[in-house]
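**Student:** Okay, structure incoming, though there's no sequence with it:
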């Protein structure tokens, strides 16, 4: 968090070839090589920069002024805002958009420390506008990263991912690995907030492999911190507790009290999940005392952690039979958490209050809290599904756009090669086009008439009534058509046979209406993730066929794994909370001159192997390897 300070500093490219000591210190901060753990660190850095400033150097003086906004006012946010007001007016007079962007970023942190969230977020928007005007890639990347952080925290995950990807590309070009690592961790946190914990862990592992140096103790601790969150959400509480303890040890060694105390708050949460309530209460007492004494440069998250600590303490008190005291703690938690009004934390608060009120026999109030919980939870689940779909669509659209750009470039080159030939044949083309237009008009008139008469019959004959995807007849026709095309073009073709695991048990336990909802939601999820050229149809009760043109077995396995993880991540807002579904998939790649039934039979055999191996997995036919 503190290392983001370095991202607001820009080095003037017109400086002398031999770097001044002032420039070296600025670069150390800018590249993330210098850490700031305390207000004393900020003051020391500012004194060193003032001493190294060459006399009469206007450009470096402007740079020092921008640095002073955070280095000099980290302990006095109000004075820092007043200072930045003056400097912003001066930067506007100089038409210095890069400096404006830096000052707005500084004000974002200062307003955050004061708990004025709305004003802080406004500064980020102003920073991005100024950075865009400056056309400086580092300023733009900084603003995009902050916009992504805000969107992710607010639950706007698709917007967050778009900001992060753009910032990631810019930072890759600049080569500042610490900040690239921060973006990878931010993407992991976004996936975790979406409930895609395996995706989050894969990005965390990328950060561990690519950016985690042995001497980067603080960064190592941050990675462990984020990894612990994902393990906790996956129900692996002991692993999460171990990671929080390791991170806290590192913060202790670095004499970093802020994150050490935040780790203790998170450990109280884990102790509650492990039902180790006496330890939770003891640690909560320590953390509360430490939170009241913190004196760090960035206390923007202090109110949130104070609210969470009060909430976790209340949960432990309810579990130990002290519900009356828990209500007092919950009142304290509500006061702090309402500052940000984060929906994820408000859900925890409503649930805890309902439990405590019920324990004290205040049933009417408990019922009101439960109603608030259910309403907000339903809203968040719906929003989460929409955001997941938007993120997946953004990912696929990005890949498709790259492919289209390549195709357009190839077509452009081909058009340039044949331009002379096209000019000579222009008259014949006009005549041919006129004839084609006449034929198309005749055919369209006939097709419209025929379509009106046969639309309803065709829909009934070719579409599955429940899921609104292709039925068995249609998907088999599409599969055979793609098989013939693959043989003619020598392009690879793969089949996926997907079967929901233990679907009969869902029908037996929850009823056929729930079973129908499961099938419909699963089909919507799969259809949203497939490409335009893919085909998807229902061949049986809970069995489905997916046709993947121009796809080899290795690519098909990747697609199958994405589908398997997406189906496992589906949550049903109107169904039982314990309802989770998984699927098994069999993969086959068609062989030269192989009959359709033979290839499908191999995929079916692979599906049965997946079932026999424990389900919820992908198995590829041996002949397809």
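**Tutor:** That came through, no problem. Just so we're clear, the structure is a prediction, and the values are computed from it rather than from any experiment.
**Student:** going forward, measure contacts and count neighbours with C-alpha atoms only.
**Tutor:** OK.
**Student:** quick one: least confident helix or strand in the protein?
**Tutor:** helix 419-424 (a mean of 63; mean pLDDT, DSSP states H and E).
**Student:** and residue 495, that one's in a strand?
**Tutor:** Yes: per DSSP: H, G, I helix; E, B strand; the rest coil, residue 495 lies within a strand segment.
**Student:** who's the spatially closest residue to it that is not a sequence neighbour bridged to?
**Tutor:** Take residue 495 and drop its neighbours on the chain: the residue closest to it by C-alpha to C-alpha, 6 or more residues apart in numbering is residue 547, 4.9 Å away. Under the criterion DSSP bridges, residue 547 forms beta bridges with residue 495, residue 535.
**Student:** in the protein, which spans are strands?
**Tutor:** Residue ranges of the strands in the chain, as given by DSSP state E, are 493-500, 535-538, 543-549, 583-589, 618-620.
**Student:** Near residue 612, how many residues? Count them for me, please.
**Tutor:** For residue 612, the neighbour count with other C-alpha atoms under 10 Å is 9.
**Student:** List the residues that contact it.
**Tutor:** If you count contacts by C-alpha atoms under 8 Å, 6 or more residues apart in numbering, residue 612 has none.
**Student:** For residue 512, see how far away residue 43 is.
**Tutor:** Per C-alpha to C-alpha, to the nearest Å, residue 43 is found 67 Å from residue 512.
**Student:** neighbour count winner among these two?
**Tutor:** residue 43 (19 against 13).
**Student:** Pretty sure residue 72 is one of the things that one touches, is it not?
**Tutor:** Yes: counting by C-alpha atoms under 8 Å, residue 72 is a contact partner of residue 43 at 6.4 Å.
**Student:** circling back to that earlier point, deepest-packed of the strands of the chain, please.
**Tutor:** The highest mean neighbour count among the strands of the chain, using mean count of other C-alpha atoms under 10 Å, belongs to strand 583-589: a mean of 29.
**Student:** just checking, what packs against that strand?
**Tutor:** Counting contacts by 3 or more C-alpha pairs under 8 Å, 6 or more residues apart in numbering; DSSP states H and E, strand 583-589 is packed against strand 493-500, helix 553-568, helix 596-612, strand 618-620.
**Student:** Looking at those, spot the one closest to residue 246.
**Tutor:** Across the helices and strands packed on strand 583-589, residue 246 has its closest neighbour in helix 553-568 (29.7 Å, C-alpha to C-alpha).
**Student:** I'd like the mean pLDDT over the closest one, please.
**Tutor:** Averaged over helix 553-568, pLDDT sits at 95.
**Student:** Please apply the same query to stretch 100-118.
**Tutor:** The model assigns stretch 100-118 a mean pLDDT of 85.
**Student:** go on, stretch 519-531?
**Tutor:** For stretch 519-531, mean pLDDT rounds to 94.
**Student:** same question, stretch 186-203
**Tutor:** On average, stretch 186-203 scores 82.
**Student:** Also stretch 253-269?
**Tutor:** 87.
**Student:** Can you list the low-confidence ranges for the stretch 501-625 of the chain?
**Tutor:** 574-577, 625 (pLDDT under 70).
**Student:** Go again with 80.
**Tutor:** 573-578, 624-625 (pLDDT under 80).
**Student:** just the stretch 351-500 of the chain next, same as before
**Tutor:** Filtered on pLDDT under 80, the stretch 351-500 of the chain yields the residue ranges 366, 376-435, 438-440, 442-461.
**Student:** residues in contact with the residue nearest to residue 495?
**Tutor:** By C-alpha under 8 Å, 6+ apart, the residues touching residue 547 are 478-479, 493-496, 534-536.
**Student:** Look up how far residue 499 lies from it.
**Tutor:** Distance, residue 547 to residue 499, using C-alpha to C-alpha: 15 Å.
**Student:** what's the answer for residue 287, then?
**Tutor:** When distance is defined by C-alpha to C-alpha, residue 287 is 49 Å away from residue 499.
**Student:** try residue 74
**Tutor:** Distance from residue 74 to residue 499, by C-alpha to C-alpha: 58 Å.
**Student:** what does residue 274 give?
**Tutor:** Distance check for residue 274 against residue 499: by C-alpha to C-alpha, it reads 35 Å.
**Student:** what's near enough to touch residue 466?
**Tutor:** Contact analysis of residue 466 by C-alpha under 8 Å, 6+ apart lists 516, 520.
**Student:** Got the phi and psi for it?
**Tutor:** Main-chain torsions, residue 466, degrees, to the nearest 10: phi -80, psi -50.
**Student:** show me the contacts for residue 540.
**Tutor:** Residue 540 touches residue 472, counting by C-alpha under 8 Å, 6+ apart.
**Student:** Hmm, residue 340 and residue 117 touching each other?
**Tutor:** Yes: using C-alpha under 8 Å, residue 117 makes contact with residue 340 at a distance of 7.1 Å.
**Student:** Is it possible to get JSON lines of the contacts of residue 547 that adds distance to residue 468?
**Tutor:** Formatted as JSON lines, the contacts of residue 547 follow (distance: C-alpha to C-alpha, whole Å):
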{"residue": "478", "distance to residue 468": "16"}
{"residue": "479", "distance to residue 468": "18"}
{"residue": "493", "distance to residue 468": "24"}
{"residue": "494", "distance to residue 468": "23"}
{"residue": "495", "distance to residue 468": "20"}
{"residue": "496", "distance to residue 468": "19"}
{"residue": "534", "distance to residue 468": "16"}
{"residue": "535", "distance to residue 468": "13"}
{"residue": "536", "distance to residue 468": "11"}
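**Student:** Now flag whichever of the residues you listed is closest to residue 149.
**Tutor:** Closest to residue 149 out of these is residue 534 (34.7 Å), distances taken as C-alpha to C-alpha.
**Student:** check contacts around the closest one.
**Tutor:** Contacts for residue 534 (C-alpha under 8 Å, 6+ apart) come out as 546-549.
**Student:** Please apply the same query to residue 552.
**Tutor:** 492-494, 589.
**Student:** can you tell me how far it sits from residue 471?
**Tutor:** For residue 552, the distance to residue 471 equals 25 Å [C-alpha to C-alpha].
**Student:** OK, contacts around residue 515?
**Tutor:** By C-alpha under 8 Å, 6+ apart, residue 515 lies in contact with 503, 506-507.
**Student:** got the residues you listed as JSON lines, with distance to residue 603 columns?
**Tutor:** Compiled in JSON lines, the contacts of residue 515 are given as follows (distance: C-alpha to C-alpha, whole Å):
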{"residue": "503", "distance to residue 603": "20"}
{"residue": "506", "distance to residue 603": "25"}
{"residue": "507", "distance to residue 603": "26"}
